[in-house]
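Undergrad: Curious how this folds, go ahead:
(chains A and B)
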Amino acid sequence: MGERHFMLANYAIVEAALFAGCRFFAGYPVTPATEILEHAAERFPEAGGVYLQTESEIAAISMLAGASGAGFRSMTATSSMGFSLMQETFSYMAGVAELPCVVVNQARGGPGVGPLGPSQADYFQAVKGGGHGDYRVLVFGPATVQECVDLTKLAFHLSDKYRIPAVILGDQMLAQTVESFDLGEPIAEKLPPKTWAVTGAKGRAPNHVGTYPPVKIAPDELSRIGAGSGGSMGFAMSEWRMAYRQRRYREIAEKECRAESLFVDDSDLIVVAYGTSARLAKPAVLQARAAGLKVGLIRPITLWPFPYAAIADAARTAKAFLTVEMNFGQMIEDVQLAVSGRVPVHFHGRAGGMAPTPEEILDVVTRLIRE
Amino acid sequence: MKKVFAQPESIVIEQPTAYCPGCGHGIAMRLIAEAIDELKVAEESIAVFGIGCYSLSQSTMRIDRQSALHGRAPAVATGIKRMLTDRVVFTIQGDGDLAGIGAAEVIHAATRGDRITCFFLNNAGYGETGGQMAPTTLLGQRTPSTPKGRDPIEHGYPIRMSEMLAQADGSAYIARVAMNTPANINRAKKAVKKALQTQMAEEGFSLVEFLVACPSGWRMDPLEALEYMANRQIPTYPLGELKSSKVAATEVA
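TA: You can find the predicted model right below:
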């Protein structure tokens, strides 16, 4: 559409959500996500949607479950400790009720109150699951305001398509960044209507959202697992149904992974970083390159699904990896998994609200490449 | 012969319920289904179930439903109602669910004046897990978690949610009823209808608190349980309309 704007990331996310057809926002004020709520308080009613300020983050995610179960695109925005409070319902929406929604976490880390600075210490929580039980959610790690917009649009789309919640995992520095962006075009792929939604059973049998959506199981499959007839939720049946959900996660992992790669085919040292860390590492990588050092960058854009294949591939030619994060070492474990011990995986981290500078990353890169 | 009684259409009668003999939940569910039928709102109704014995039998209601996690049903209901403003959205919650873990959610739904109805099943304990003390357990009541009886010094006092919620400006209809006699059950039926009509008239938040027997949880037989309700539970939780709406005052239920 060519609509160029110049705006705070937090406001841009709201514009992207409205552009994607989201009309329900429920949230609780928390730094550094509060501007998202404030902008939504103005813009959602203007767009004919609903803005609700809630008594807690627990209420916010519960309202999302209701609105989403009724078939509406819904979102909330929070920071780290608010996301902690949402975990019970969030994991339930992901692994049992199979409900779409978008949760923006502008991370400030923690634990506890957390400093008012950028952090990537919520990686484990978002990607490995801060809630109980087996489940996965889509996790996006934007690095620019444009990416906040693009990934918010994509999150609503994929969340609906696969009936799975999505997290936009930002941080305080990105949240407070002002840049220009383009709202672009609506996502072209048409999605089927939500015939499962709970809207009042007019002219159809009643729907139920909350336990596992029903799946037909063949009688011979039923007796194979020993669940007996009648479909009672014995343990064999619940295992079968959970395994069925796991197939959806595998499908998403195959189809929806996104990452950016720079100079990977011609690198001895590959930096792996996401979001603001990647943004700060890029100048270091480019400067190193200009100085003749064979450095590359892999920037995961989806944190789940994580680009294991791209990293494993690069491990066949690279001599070492350097993970740069704003925490004490979280994404590095996924990098190590991908590298599978082929070559060393180094770490450079800042925490407590500190962000790494391009200069210090360049120092580490230079030192490592000379070793 | 004149037909004087039929099972409500909104109950799936073929489906057995999981309730113990003497449990009051089945009566409450039937009254809600009858009200839905009489108000002709089955196709507009959406129920949000909390977690307790009543939610084990939620598929006996022939309407659209969502399952909420423990205590969260009012917030889920608000999410639905704010987007589907012409539907009849209600919760069914137990006392541990609504008055314990979910106290914040129901209070804020009431103070927001959300046009939802909460049906609150008060059986003085956590029935589904074996009758442990809930915020609504009576003083002196023996439960698996208060083996010597509820002591106010150690365990605090029973909570009167209806009185508290009636204070909220956003509350439009708050009533407490009991399932121990035919007369009380008839009053309960009227309260259920008035609560739903209050929602449909968009007056604000409505709630009906049902005192229900839990013979298993109370370690009594069904008749003893009804006596306990009359002698101990009702005096602690007085019956009546704690706040009445405009439509409740004018409608003949």
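
Undergrad: Going by C-alpha atoms from here, please, whenever you check contacts or count neighbours.
TA: Fine.

Undergrad: Does the closest residue to A:Gly71 other than its chain neighbours fall in a helix, a strand, or a coil region?
TA: Distance criterion Cα to Cα, 6 or more residues apart in numbering or on different chains; nearest residue to A:Gly71, sequence neighbours excluded, is A:Ala197 at 5.0 Å. Three-state assignment for A:Ala197 (DSSP: H, G, I helix; E, B strand; the rest coil): coil.

Undergrad: wait, A:Ala197 sits on A:Pro206?
TA: No - using Cα atoms under 8 Å as the test, A:Ala197 is too far from A:Pro206 to be in contact (9.8 Å).

Undergrad: returning to that earlier point: for the residue nearest to A:Gly71, phi and psi?
TA: A:Ala197 adopts backbone torsions of phi -70, psi 150, taken as degrees, to the nearest 10.

Undergrad: What of B:Arg150?
TA: Main-chain torsions, B:Arg150, degrees, to the nearest 10: phi -70, psi 120.

Undergrad: tell me the contacts of it?
TA: B:Arg150 sits next to B:Met133, B:Thr137, B:Leu138, B:Leu139, B:Gly140, B:Gln141, B:Arg142, B:Thr143, B:Gly156 when contact means Cα atoms under 8 Å, 6 or more residues apart in numbering or on different chains.

Undergrad: so A:Val139 touches A:Leu303, yeah?
TA: Yes - applying Cα under 8 Å, one finds A:Val139 in contact with A:Leu303, separated by 5.2 Å.

Undergrad: Quickly list what's touching both of the two.
TA: Joint contacts of A:Val139 and A:Leu303 (Cα under 8 Å, 6+ apart) are A:Val127.

Undergrad: residue ranges of the helices in chain A, please?
TA: A:9-19, A:34-46, A:57-69, A:80-85, A:87-95, A:123, A:145-162, A:172-175, A:219-225, A:235-255, A:275-290, A:308-314, A:331-339, A:358-370 (DSSP state H).

Undergrad: For B:Pro8, which non-adjacent residue is spatially closest?
TA: For B:Pro8, the spatially nearest residue (Cα to Cα, 6+ apart) is B:Glu34, at 5.3 Å.

Undergrad: Can you name the residues of the stretch 51-200 of chain B sitting close to chain A?
TA: Contacts of the stretch 51-200 of chain B with chain A, taken as Cα under 8 Å from any Cα of the partner chain, map to B:62-69, B:72-73, B:75-80, B:82-84, B:87, B:104-105, B:108.

Undergrad: Just the ones in helices from those residues, please.
TA: Residues of these located in helices (DSSP H): B:Ala73, B:Ala75, B:Val76, B:Ala77, B:Thr78, B:Gly79, B:Ile80, B:Arg82, B:Met83, B:Ala104, B:Glu105, B:His108.

Undergrad: Go ahead and confirm the residue nearest to B:Pro8 touches B:Phe5.
TA: No - the criterion here is Cα under 8 Å, and B:Glu34 misses it with B:Phe5 at 10.9 Å.

Undergrad: ok, residue 122 - contacts?
TA: If you meant another chain, say so; for now it's chain A. A:Asp122 makes contact with A:Ser80, A:Ala107, A:Gly109, according to Cα under 8 Å, 6+ apart.

Undergrad: hmm, I had chain B in mind actually
TA: Counting by Cα under 8 Å, 6+ apart, B:Asn122 makes contact with B:Gly94, B:Asp95, B:Thr136, B:Glu209, B:Phe210, B:Leu211, B:Val212.

Undergrad: Export those as CSV, with columns for pLDDT.
TA: Converted to CSV, the contacts of B:Asn122 look like this (pLDDT from 0 to 100):
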residue, pLDDT
B:Gly94, 97
B:Asp95, 95
B:Thr136, 98
B:Glu209, 98
B:Phe210, 98
B:Leu211, 98
B:Val212, 97
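
Undergrad: What about those, which one has the most neighbours?
TA: In terms of neighbours by other Cα atoms under 10 Å in any protein chain shown, the contacts of B:Asn122 top out with B:Gly94 at 33 neighbours.

Undergrad: so what's that one up against?
TA: B:Gly94 is in contact with B:Gly50, B:Ile51, B:Gly52, B:Tyr54, B:Phe120, B:Leu121, B:Asn122, B:Asn123, B:Tyr126, counting by Cα under 8 Å, 6+ apart.

Undergrad: Give me the subset of the residues you listed lying in helices.
TA: Using DSSP H, the contacts of B:Gly94 in helices are B:Tyr54.

Undergrad: Get me the contact residues on chain A for chain B.
TA: So far as Cα under 8 Å from any Cα goes, chain A lies against chain B at A:24, A:50, A:55, A:59-60, A:62-67, A:69-70, A:72, A:89, A:198-203, A:206-211.

Undergrad: What distance do you get for A:Pro305 to A:Pro32?
TA: Distance, A:Pro305 to A:Pro32, by Cα to Cα, to the nearest Å: 26 Å.

Undergrad: sorry, that was for B:Ile36
TA: For B:Ile36 relative to A:Pro32 (Cα to Cα), the value is 45 Å.

Undergrad: again, but for B:Gly130
TA: 44 Å.
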